[in-house]
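A.B. asks: Just to be clear, the model below is a prediction. Sequence and coordinates:
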Amino acid sequence: MYESFYKLTGKPFQLSPDPDFYYESRVHKRAYAYLEYGLYQGEGFIVITGEVGAGKTTVVRNLLAHLDQSKVVAAHLVSTMLDADDLVRSVCASFGLSTKGTDKGSLLADLESFLKNVALKGKRALLIVDEAQNLTPRAIEELRMLSNFQVGERALLQSFLVGQPELRRIMQHQSMQQLRQRVIASYHLGPLDREETERYIEHRLKHVGWTGDPSIETDAYDAVFAFTSGIPRRINLVCNRLMLSGFLRDSHTLTAADVEVVAQELKEELGAVIGTGEGLGGRTDDQTYRMDDATSVFSGTDGLGIFDTGMLDAGDGSLQARVQRLERTLGTLLQMIRRVVQVVEPITRQNTQAKH
């Protein structure tokens with residue numbers, strides 16, 4: 001919607017991972033280097049962890065986009081609370097093997113045969129398990145067992161485990177000792193710093209043809225960083241709403257005050273209140289919040305720190321408060337519709353005159 005107003009060629013701040021928008025920050029470059037190191041080793045496990053929205057999947061997809069398919073056969077599995085039997089079936093399906101009406105023993109035999117065939121062709125098999133913190137202990141143990149497939153001294157399957165910080169805690173458990181011995185490298189993907197946050201925003205804007213409209217004041221970058229703690233998905237969410245706000249106000253300059261308004265709107269939409277007394281840069285531990293219809297997840301463990309431990313209290317949760325929030329949302333929607341009409345109406349009028 002705001003793309004045409006600012007003469008952009010596309011959406012700069014979409015929430016879904018897109019390797020075309022990959023920004024090689026210091027931390028993302030290092031995470032990518034660990035994955036490349038793992039590919040070079042050709043065996044064992046590489047473990048990459050990071051907070052929700054830190055860019056783990058984007059790094060993985062960037063790696064997949066640059067793999068030499070003549071040398072590596074890769075499968076990308078996004079786990080959803082898989083147990084051992086389900087894991088084997090999902091791994092087979094990810095590599096394109098048929099799984100219908102097949103028991104676990106047959107699946108394992110088919111998978112081993114497939115991996116041996118890949119090796120005979122001079123290629124290597126790579127399994128990337130995303131959201132690996134959702135795997136059950138039995139499923140993780142099954143992954144370790146799959147790493148036992150060998151031809152001579154050569155491992156037939158290499159695995160990358162990618163997940164949230166819980167994965168690190170799971171792997172520290174005593175029962176994971178054998179798996180830890182197979183891990184050749186691990187890395188925790190941290191947030192962007194203040195300067196990288198600014199470069200990240202401009203990188204995404206320039207990718208869709210931004211030439212300075214809207215202009216973004218320095219204090220606006222400061223406010224975005226303070227509100228998002230440098231987590232890329234949070235930055236995308238805030239900046240997308242910020243650009244929409246500028247469009248609705250017919251503004252070509254974005255300021256810290258604009259960011260503050262957007263931040264307050266997001267908090268009100270969540271039904272949350274400031275609980276730390278530390279403003280946008282505060283810290284609240286062990287909290288998880290879902291924003292934008294659960295598309296983006298904010299995890300308080302890495303320093304977002306702007307929400308209380310609960311949702312609305314009894315007063316704020318009253319019918320009157322809900323009606324007020326609904327009225328504000330409808331007001332924004334009506335403003336958006338009016339703005340669209342203002343943009344579209346002259347075009348429609350010109351087309352009508354041209355026909356006559």
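C.D. replies: Good, I have the coordinates. Residues are numbered from 1 along each chain as shown.
A.B. asks: Against Ile231, how distant is the residue nearest the centre of the chain?
C.D. replies: Taking CA atoms, centre = their mean, the centroid of the chain lies closest to Gly53, which sits 3.9 Å from it. Distance of Gly53 to Ile231, given as CB to CB, to the nearest Å: 5 Å. (C-beta placed from N, C-alpha, C; glycine too.)
A.B. asks: tell me the strands in this protein, going along the chain?
C.D. replies: With strands called from DSSP state E, the chain shows them at 45-50, 72-78, 124-130, 150-151, 154-155, 157-163, 183-189, 215-216, 253-254, 288-291, 296-299.
A.B. asks: In JSON lines: those, plus mean neighbour count and mean pLDDT.
C.D. replies: Output for the strands of the chain, formatted as JSON lines (neighbours: other CB atoms under 10 Å; pLDDT from 0 to 100):
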{"stretch": "strand 45-50", "mean neighbour count": "24", "mean pLDDT": "95"}
{"stretch": "strand 72-78", "mean neighbour count": "18", "mean pLDDT": "94"}
{"stretch": "strand 124-130", "mean neighbour count": "23", "mean pLDDT": "95"}
{"stretch": "strand 150-151", "mean neighbour count": "14", "mean pLDDT": "88"}
{"stretch": "strand 154-155", "mean neighbour count": "16", "mean pLDDT": "89"}
{"stretch": "strand 157-163", "mean neighbour count": "24", "mean pLDDT": "95"}
{"stretch": "strand 183-189", "mean neighbour count": "17", "mean pLDDT": "93"}
{"stretch": "strand 215-216", "mean neighbour count": "17", "mean pLDDT": "96"}
{"stretch": "strand 253-254", "mean neighbour count": "18", "mean pLDDT": "96"}
{"stretch": "strand 288-291", "mean neighbour count": "16", "mean pLDDT": "31"}
{"stretch": "strand 296-299", "mean neighbour count": "20", "mean pLDDT": "32"}
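A.B. asks: what about Asp103, distance to Asp83?
C.D. replies: From Asp103 across to Asp83, the span is 15 Å (CB to CB).
A.B. asks: The two: who's more crowded?
C.D. replies: Using other CB atoms under 10 Å as the criterion, Asp103 and Asp83 rank with Asp83 on top: 13 against 9.
A.B. asks: wait, isn't the more buried one in contact with Ala139?
C.D. replies: Yes: here Asp83 reaches Ala139: they are 5.5 Å apart, a contact under CB atoms under 8 Å.
A.B. asks: Can you give me every residue that contacts the nearest residue to Leu143 once chain neighbours are set aside?
C.D. replies: Spatial nearest neighbour of Leu143, chain neighbours left out: Ser159 (5.9 Å); criterion: CB to CB, 6 or more residues apart in numbering. By CB atoms under 8 Å, 6 or more residues apart in numbering, the contact set of Ser159 is 45-46, 126-129, 143, 146-147.
A.B. asks: Ok, Pro19 next?
C.D. replies: 58, 61-62, 64-65.
A.B. asks: Any of these buried? List them.
C.D. replies: 58, 61-62, 64 (16 or more other CB atoms under 10 Å).
A.B. asks: End to end on stretch 65-84, go ahead and measure it.
C.D. replies: Distance between the two ends of stretch 65-84: 29 Å, counting by CA to CA, to the nearest Å.
A.B. asks: contact partners of that stretch?
C.D. replies: Against stretch 65-84 from outside (CB under 8 Å, 6+ apart): 19, 39, 60, 64, 87, 90-91, 94-95, 118, 122-132, 134-136, 138-139, 141-142.
A.B. asks: next one: stretch 81-97 to chain centre, how far?
C.D. replies: Centre-to-centre, stretch 81-97 and its host chain are 23 Å apart (CA atoms, centre = their mean, to the nearest Å).
A.B. asks: can you give me the helices in the chain?
C.D. replies: 2-5, 26-41, 56-65, 84-94, 104-120, 137-146, 166-171, 177-180, 194-207, 218-228, 232-248, 256-270, 319-355 (DSSP state H).
A.B. asks: Ser70 and Gln41, how far apart?
C.D. replies: When Ser70 is compared with Gln41 (using CB to CB), they lie 19 Å apart.
A.B. asks: Please identify which of those two sits among more neighbours.
C.D. replies: Between Ser70 and Gln41, counted using other CB under 10 Å, Gln41 has the larger neighbour count: 13 against 9.
A.B. asks: was I right about the more buried one contacting Val183?
C.D. replies: No: Gln41 is beyond contact range of Val183, at 11.2 Å (criterion: CB under 8 Å).
A.B. asks: contacting residues around Gln178?
C.D. replies: Arg144.
A.B. asks: Quick check: it vs Ala155, distance?
C.D. replies: 15 Å.
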